[in-house]
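Peer 1: pasting the structure only:
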Ligand SMILES: Cc1ncc(COP(=O)(O)O)c(C=O)c1O
């Protein structure tokens with residue numbers, strides 16, 4: 001279901017989940033985008049945090065499983081910068097316990113787990129078409145699911161909570177029958193939002209889709225070249241590469257070395273290479289004011305792996321037209337700071 005942003009996809013997903021499954025806890029990553037956690041709070045859930053796995057930058061799946069209990073309504077996992085954050089242990093445990101997995105694939109279009117596209121393994125999945133990502137509708141997002149009830153519910157949440165937004169004539173009729181005092185065209189089932197996009201944005205997206213696979217192959221090759229030429233004595237090069245599909249190179253120092261970090265930043269600035277510190281989403285979300293104010297007892301430093309990426313991690317743009325020679329030049333710059 002097409003919406004006007006990846007953040008809207010997150011919000012309608014969490015809102016529909018709350019409407020269908022009631023209140024409870026949602027397990028979320030500490031490295032993600034703000035709207036993954038904001039949507040959990042806005043929908044009235046309690047977020048429960050886990051540290052990251054340094055090789056995938058996704059959630060530490062062992063910690064996720066240790067936190068599962070009867071109050072957990074979903075695991076809302078983010079695939080960071082093109083790396084697959086899933087493993088079979090997590091998938092099997094969630095399936096056994098009947099806990100839905102929601103995948104945020106906004107940063108990882110086209111990445112795979114055992115050959116299956118990410119976003120097709122969970123109960124629902126969210127994508128963003130913001131212009132920095134693998135494909136763009138200028139602004140835009142999408143919610144994917146195979147669950148009919150969930151699909152109908154997110155359709156309503158996208159457009160004012162209106163019952164007529166559902167696809168199923170039977171479902172619409174059943175609700176209208178319960179409200180004989182209302183015009184069936186204007187039954188508002190939920191206090192919801194307007195998060196529709198437009199046909200114009202959809203045309204852009206359908207056009208971009210035709211080039212997505214080819215562009216992704218180039219991006220995959222580019223990351224391989226980048227990590228192969230980077231000095232593994234200074235930087236992490238042991239990321240989980242199987243199925244990766246990124247739009248940005250991950251650059252994470254091996255050691256918490258502030259002098260090296262400053263030299264890296266200065267060298268990149270002097271060479272006019274754009275970068276973001278903290279890797280995805282501004283780093284450890286627990287350090288951000290929107291969470292510190294709300295959850296004063298949660299201590300960011302209790303999550304050391306994400307804190308390392310927060311202070312000593314970066315991402316740099318990776319685009320399909322980037323030539324191998326220029327990637328090697330970039331690595332030479334980074335290896336000799
Ligand atoms: C992991 C993740 N989820 C959600 C979003 C939100 O997407 P949008 O910018 O389309 O609202 C982003 C970033 O843009 C993101 O990186």
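Peer 2: Received it, and whenever you're ready, just let me know what you need. In this text, all values refer to a predicted model and were calculated from it rather than measured experimentally.

Peer 1: pLDDT below threshold where in this structure?
Peer 2: Of all residues in the chain, none has pLDDT under 70.

Peer 1: what strand or helix carries the closest residue to residue 184 other than its chain neighbours?
Peer 2: Nearest residue to residue 184 in three dimensions, chain neighbours excluded: residue 176, at 4.1 Å (C-beta to C-beta, 6 or more residues apart in numbering). The C-beta positions use only the backbone N, C-alpha and C, and glycine is treated the same way. Using DSSP states H and E, residue 176 sits within helix 169-178.

Peer 1: that helix: how far from the chain's middle?
Peer 2: Remark: helix 169-178 is offset 35 Å from the chain centroid, using C-alpha atoms, centre = their mean, to the nearest Å.

Peer 1: look up how far residue 87 lies from the residue nearest to residue 184.
Peer 2: Residue 176 sits at a distance of 45 Å from residue 87 (criterion: C-beta to C-beta, to the nearest Å).

Peer 1: what does residue 196 give?
Peer 2: Residue 196 sits 36 Å away from residue 87, going by C-beta to C-beta.

Peer 1: so which residues on this structure come close to the ligand?
Peer 2: By C-beta under 6 Å from any ligand atom, the residues of the chain that approach the ligand are 5-7, 10, 32-33, 35-36, 78, 104, 106-107, 128, 130, 141, 280-281.

Peer 1: tell me which stretches of the stretch 1-150 of the chain form strands.
Peer 2: Remark: strands assigned in the stretch 1-150 of the chain by DSSP state E, counting those that start in this stretch are 2-3, 25-29, 46-50, 72-78, 101-104, 112-113, 116-117, 124-128, 141-145.

Peer 1: what helices or strands is the fourth one leaning on?
Peer 2: It refers to strand 72-78. On a contact count with 3 or more C-beta pairs under 8 Å, 6 or more residues apart in numbering; DSSP states H and E, strand 72-78 meets helix 6-21, strand 25-29, helix 34-42, strand 101-104.

Peer 1: what does the third one give?
Peer 2: The helices and strands touching strand 46-50, judged by 3+ C-beta pairs under 8 Å, 6+ apart, are strand 25-29, helix 34-42, helix 61-67.

Peer 1: neighbouring contacts of that strand?
Peer 2: Strand 46-50 is contacted from outside by 23-30, 37, 40-41, 59-60, 63-64, 67, 72, 285-286, 295, 298, 303, using C-beta atoms under 8 Å, 6 or more residues apart in numbering.

Peer 1: circling back: how about the strands of the stretch 1-150 of the chain, which one is nearest residue 15?
Peer 2: The closest of these to residue 15 is strand 141-145. By C-beta to C-beta, the value is 10.9 Å.

Peer 1: identify the residues contacting that closest one?
Peer 2: With C-beta under 8 Å, 6+ apart, strand 141-145 has contacts from 1-9, 12-13, 106, 119-120, 123-130, 151, 154.

Peer 1: can you lay out the helices and strands packed on strand 72-78 as CSV showing mean neighbour count?
Peer 2: Listed next are the helices and strands packed on strand 72-78 as CSV, based on neighbours: other C-beta atoms under 10 Å:
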stretch, mean neighbour count
helix 6-21, 25
strand 25-29, 25
helix 34-42, 22
strand 101-104, 26
